[in-house]
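Sharing a sequence plus its predicted fold:
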Amino acid sequence: MPLLGAHMSSAGGLHNALSRAKSYGCEAVQLFTKAPNQWRGKPISDDDANQFQSVLAETALQFPIVHDSYLINLASPDDALWRKSIDVFVDELERAAKIGAEYLVMHPGAHLGAGEEVGLNRVAVALDEVHSRCPNLRTQVLLETTAGQGTTLGHRFEHLAAILNRVKAADRLAVCIDTCHIFAAGYPLSPRREYLKTMRLFDKLIGLERVRAFHLNDSVKPLGSRIDRHAHIGRGQLGSEPFQHVLTDRRFRGLPMVIETPKGEDPKYGDWDRVNLAALRRLAYRK
């Protein structure tokens, strides 16, 4: 079965994200290694990294995932911002590798009016430099599918295919599919024939073997809206059916699938992470 998990806070120490995930019965986890709205974070000490590894072994969580800073834009046409983004992304990759994260998820970026081709080329050149500066790190970078707000790249499968085709060390890259994002970008995930059609297109353009992780999120906005707003599982525009298709797809068995749904407590339903994870577990085992 897929490995279900959630994005967890690392407040009080990176290892706390693992403990929190385990308390929710997770098998996988995603976290930030620093505040996502900051360029730089406190360095990760050897003690921090060792403690993370120790708790990881205790919790038996698999394929720990780090998400990079939201400020990074490897597609930027502004040379100063592009250069800063490369430097900070190198730092993100080094931080993820230091704690032993399996994957580092990143958004391709936004071309800011320079055009898709210019933006995609900037991303590829940037990733080539990142790889040359981090030749021996085992953490794999995952390109995340996006909803396509503004000039954001990654909302078409062709965008990710172009990046993978242009990067020299493409074997160091793979893909994270976000269900909310591809739905908002215009790719239907139900009924089943539409789900299969979308996955066939992905396979043709990118290859399903490149999928290493999923973000399982419902969508506040409708199909093709290109607006990125996550909803609780089965309570948004996607509904429950698409998640059952993903969870029971044999091609994705054993992959980490984490929720990034809104946090908090509901007076009627309780802790939303527990509610959403329980909903996914029911769908995973429903015949």
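Cool, got the structure. Residues are numbered from 1 along each chain as shown.

In the stretch 101-250 of the chain, what residue spans correspond to helices?
Along the stretch 101-250 of the chain, the segments classed as helices by DSSP state H, counting those that start in this stretch run 116-133, 157-166, 179-184, 192-205, 241-247.

In the last one, which residues are buried?
The reference is to helix 241-247. For helix 241-247, burial by neighbour count (16 or more other C-beta atoms under 10 Å) applies to P242, F243, Q244, H245, V246, L247. Every residue, glycine included, has its C-beta placed from N, CA and C.

re the thing from before, single out the most deeply packed of the helices of the stretch 101-250 of the chain.
Highest mean neighbour count of the helices of the stretch 101-250 of the chain: helix 179-184, a mean of 27 (counted as mean count of other C-beta atoms under 10 Å).

For that one, name the packing helices and strands.
Counting by 3 or more C-beta pairs under 8 Å, 6 or more residues apart in numbering; DSSP states H and E, the packing neighbours recorded for helix 179-184 are strand 211-215, strand 218-219, helix 241-247.

Minimum distance to V258: which of these has it?
Nearest to V258, of all these, is strand 211-215, at 6.1 Å by C-beta to C-beta.

Pull up the pairing partners for that closest one, direction included.
Sheet partners assigned to strand 211-215 using DSSP bridges are listed as strand 173-178 (parallel), strand 256-259 (parallel).

could the helices and strands packed on helix 179-184 be laid out in CSV, adding distance to A279 and mean pLDDT?
Converted to CSV, these look like this (distance: least, C-beta to C-beta, whole Å; pLDDT from 0 to 100):
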stretch, distance to A279, mean pLDDT
strand 211-215, 15, 98
strand 218-219, 10, 98
helix 241-247, 8, 98
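
Save those as TSV, and put in distance to G154 too.
Formatted as TSV, the helices and strands packed on helix 179-184 follow (distance: least, C-beta to C-beta, whole Å):
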stretch	distance to G154
strand 211-215	13
strand 218-219	16
helix 241-247	19
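
For this structure, give me the ranges with low pLDDT.
Per-residue confidence for the chain (pLDDT under 70) gives these ranges: 287.

Using TSV, lay out the helices of the stretch 101-250 of the chain together with distance to A231.
As requested, these are arranged in TSV below (distance: least, C-beta to C-beta, whole Å):
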stretch	distance to A231
helix 116-133	28
helix 157-166	23
helix 179-184	7
helix 192-205	18
helix 241-247	12
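
of all these, which lies closest to M1?
Nearest to M1, of all the helices of the stretch 101-250 of the chain, is helix 241-247, at 7.7 Å by C-beta to C-beta.

distance between that closest one and the chain's centre?
With C-alpha atoms, centre = their mean, to the nearest Å as the basis, helix 241-247 stands 18 Å off its chain's centre.
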